[in-house]
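**Student:** Need a 3D model of the following:
(4 chains)
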2 protein chains.
Amino acid sequence: MASRSGADLALLLLGSYRNLVDEVTNELAARGYPDSRPSHEYAMRAIRAGADNASELGRRLAVTKQAAAKTITVLLDRGYVTAEAHPDDARRKRIEITERGLALMREGEAIFDEVRARWAQRLGVAELERLEAQLAQFVGDSPIRLDAPGWAAQ
Amino acid sequence: MASRSGADLALLLLGSYRNLVDEVTNELAARGYPDSRPSHEYAMRAIRAGADNASELGRRLAVTKQAAAKTITVLLDRGYVTAEAHPDDARRKRIEITERGLALMREGEAIFDEVRARWAQRLGVAELERLEAQLAQFVGDSPIRLDAPGWAAQ
DNA sequence: AGAAATAGACAACCAGGTTGGCTGTTAAAT
DNA sequence: ATTTAACAGCCAACCTGGTTGTCTATTTCT
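**Tutor:** Below is the predicted model of the structure:
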C-alpha cells in the first residue's frame, strides 16, 4: 500500500478526527451531558481564554459575531454561561462560565485526555508526540475556524 | 510542549484536514471549477466505485438516500453526472459520470496529490507514510461518513 | 397471487453558518 | 467640543447539507 493518494490522506485526517470526537461526545452523553457538542467545548475554551463577549468570540473562532452570538445563546439556555452588562462598556455583555459549565469542561477534557491516552497506548507515547508535532507543522497558527456551513463534509 | 491535551489533538487533526482541503478547493477554483466542493469529489469517487444510484450512494456515504439524492441533483445540474432509467430495474435511475465530471475528478486528484507531495517533502516520504499508517489504525474501516449536519464543526 | 422490501420523490424541518441593515455606545479626528 | 468613525449587539432573511416522515411504483420473496 506504498503510495496512498492525497484524497485518502484527507479522509484519514477527517476520519480520525471524527472517531476521536464521536467517542468524546458519546461518553459525555453517557455522563449526563446528552446534547453537548464539541463546538460547545471549543467555544467555552475560547471564552475561558478571554473571549468574554460575542464579537471577540467570533474573532477567535473565525466566525461572524452573529454566529458567535447564536452559540452563546445556546450556552446560555443550557446554563453553561451567564451574560451580564459589562461594567465599563455599555455596549458589551460580559460572558462568564457557570459552575455547571466548568464541570462540563472538566468532564470533557478528561474524556478527551482518556481517548488520547488510548491512542498513546496503541502508538507509544513518543510516537504520538511525533505525530502531533508533524500535524502541528501543517496547522501552523490558524485559528480554530469552525466556520463555513458544514465545511468539513463538503 | 511535552504532553498535549486530547482536545488539542482533535484540533490538530481537524486543522490539518481543513488546511489540506482548503488548498485543494482554492486551487480547483483557480483552475475553472469555482463552486466545486470536496464532498462532490467524495460522492463522485463513490459513484465511480459502483454506487450508481441514490440509495446505494447514500449507503456508501453513510447518509440517507434523500441526502444522496440531493447531492446527485447538484452534480446533475453542474453537469458532472447524468441520470438515465436503469435498463433492468424500472425503480432505479442509473447515475453516470460525464466527461466533464471525469475531468474534474482528474484535476481534483492531481491537486490532492500535489498537496500530499508537499507534505512528503516537508516530512520525508517515510515519515508521511508512517503518519498515514498510524492514522489508519484509528480510522479502521469506518465508511466515509459525511453525515450529520456540520458535525465537524460541532 | 399476495406480502414485504426497495428506489425514488416530495415536503417539512433543523443546525450552524452567512449577509445586510439597524441602534446605541465609545473612541478618534478636526 | 463637536463631529465622525468604529464597534457591540440584535433582528431578519437566507443558504447548505443534512434529517424525518410519508407516498407511489416496481421488484422480489414465499
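
**Student:** residues making contact with stretch A:31-46?
**Tutor:** A:21, A:24-25, A:28-29, A:57, A:60-61, A:68, A:71-72, A:74-75, A:78, A:80-81, A:97, A:101, A:104-105, A:107-108, A:111, A:144, A:146, B:7, B:10-11, B:153-154 (C-beta atoms under 8 Å, 6 or more residues apart in numbering or on different chains). Where C-beta positions appear, they are placed from N, C-alpha and C, glycine not excepted.

**Student:** packing partners for the helix or strand residue A:134 falls within?
**Tutor:** Using DSSP states H and E, the secondary-structure element containing residue A:134 is helix A:125-139. If you count contacts as 3 or more C-beta pairs under 8 Å, 6 or more residues apart in numbering or on different chains; DSSP states H and E, helix A:125-139 packs onto helix A:99-123, helix B:6-30, helix B:99-123, helix B:125-139.

**Student:** Output that helix as PDB, nothing but the C-alphas.
**Tutor:** The C-alpha atoms that make up helix A:125-139 are tabulated as PDB, following Å, rounded to 0.1, in the frame of the first residue of the first chain:
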ATOM      1  CA  VAL A 125       3.900   8.000  23.800                       C
ATOM      2  CA  ALA A 126       6.900   9.100  21.700                       C
ATOM      3  CA  GLU A 127       5.200   8.200  18.500                       C
ATOM      4  CA  LEU A 128       2.000  10.000  19.400                       C
ATOM      5  CA  GLU A 129       4.000  13.100  20.300                       C
ATOM      6  CA  ARG A 130       5.900  12.900  17.000                       C
ATOM      7  CA  LEU A 131       2.600  12.600  15.100                       C
ATOM      8  CA  GLU A 132       1.300  15.700  16.900                       C
ATOM      9  CA  ALA A 133       4.400  17.600  16.100                       C
ATOM     10  CA  GLN A 134       4.100  16.700  12.500                       C
ATOM     11  CA  LEU A 135       0.500  17.700  12.300                       C
ATOM     12  CA  ALA A 136       1.300  20.900  14.000                       C
ATOM     13  CA  GLN A 137       3.600  21.800  11.200                       C
ATOM     14  CA  PHE A 138       0.600  21.800   8.800                       C
ATOM     15  CA  VAL A 139      -1.800  23.600  11.100                       C
END
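
**Student:** Quick check: the residue nearest to the spatial centre of chain A vs DNA strand D, distance?
**Tutor:** Residue closest to the average C-alpha location in chain A (C-alpha atoms, centre = their mean): residue A:42, at 2.8 Å. Distance of residue A:42 to DNA strand D, given as C-beta to the nearest atom of the strand, to the nearest Å: 18 Å.

**Student:** May I see the buried residues of whichever strand or helix holds that residue?
**Tutor:** Using DSSP H and E, residue A:42 maps to helix A:38-48. Going by neighbour count (16 or more other C-beta atoms under 10 Å in any protein chain shown), the buried part of helix A:38-48 is A:38, A:39, A:40, A:41, A:42, A:43, A:44, A:45, A:46, A:47.

**Student:** tell me how far it is from the chain's mean position?
**Tutor:** 5 Å (C-alpha atoms, centre = their mean, to the nearest Å).

**Student:** ditto for stretch A:58-78
**Tutor:** 13 Å.

**Student:** near DNA strand C, anything from it?
**Tutor:** Yes - for stretch A:58-78 and DNA strand C, the contact criterion (C-beta under 7 Å from any atom of the strand) is met by A:63, A:64, A:66, A:67, A:70, A:71, A:74.

**Student:** Quick check: buried residues in that stretch?
**Tutor:** A:58, A:60, A:61, A:63, A:67, A:68, A:69, A:71, A:72, A:75, A:78.

**Student:** Now that stretch - C-alpha only, PDB.
**Tutor:** Extracted in PDB, the C-alpha atoms of stretch A:58-78 (Å, rounded to 0.1, in the frame of the first residue of the first chain):
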ATOM      1  CA  GLY A  58     -16.400  35.400  16.800                       C
ATOM      2  CA  ARG A  59     -12.900  36.600  16.100                       C
ATOM      3  CA  ARG A  60     -11.300  33.800  18.000                       C
ATOM      4  CA  LEU A  61     -13.400  31.200  16.400                       C
ATOM      5  CA  ALA A  62     -13.000  32.800  13.000                       C
ATOM      6  CA  VAL A  63     -16.800  33.100  12.700                       C
ATOM      7  CA  THR A  64     -19.100  36.100  12.400                       C
ATOM      8  CA  LYS A  65     -20.200  37.800  15.500                       C
ATOM      9  CA  GLN A  66     -23.800  36.700  14.700                       C
ATOM     10  CA  ALA A  67     -22.800  33.100  14.700                       C
ATOM     11  CA  ALA A  68     -20.900  33.500  17.900                       C
ATOM     12  CA  ALA A  69     -24.000  35.200  19.500                       C
ATOM     13  CA  LYS A  70     -26.100  32.200  18.500                       C
ATOM     14  CA  THR A  71     -23.600  29.900  20.100                       C
ATOM     15  CA  ILE A  72     -23.700  32.000  23.200                       C
ATOM     16  CA  THR A  73     -27.500  31.800  23.200                       C
ATOM     17  CA  VAL A  74     -27.400  28.100  23.200                       C
ATOM     18  CA  LEU A  75     -24.800  28.000  26.000                       C
ATOM     19  CA  LEU A  76     -26.900  30.500  27.900                       C
ATOM     20  CA  ASP A  77     -30.100  28.400  27.900                       C
ATOM     21  CA  ARG A  78     -28.200  25.200  28.700                       C
END
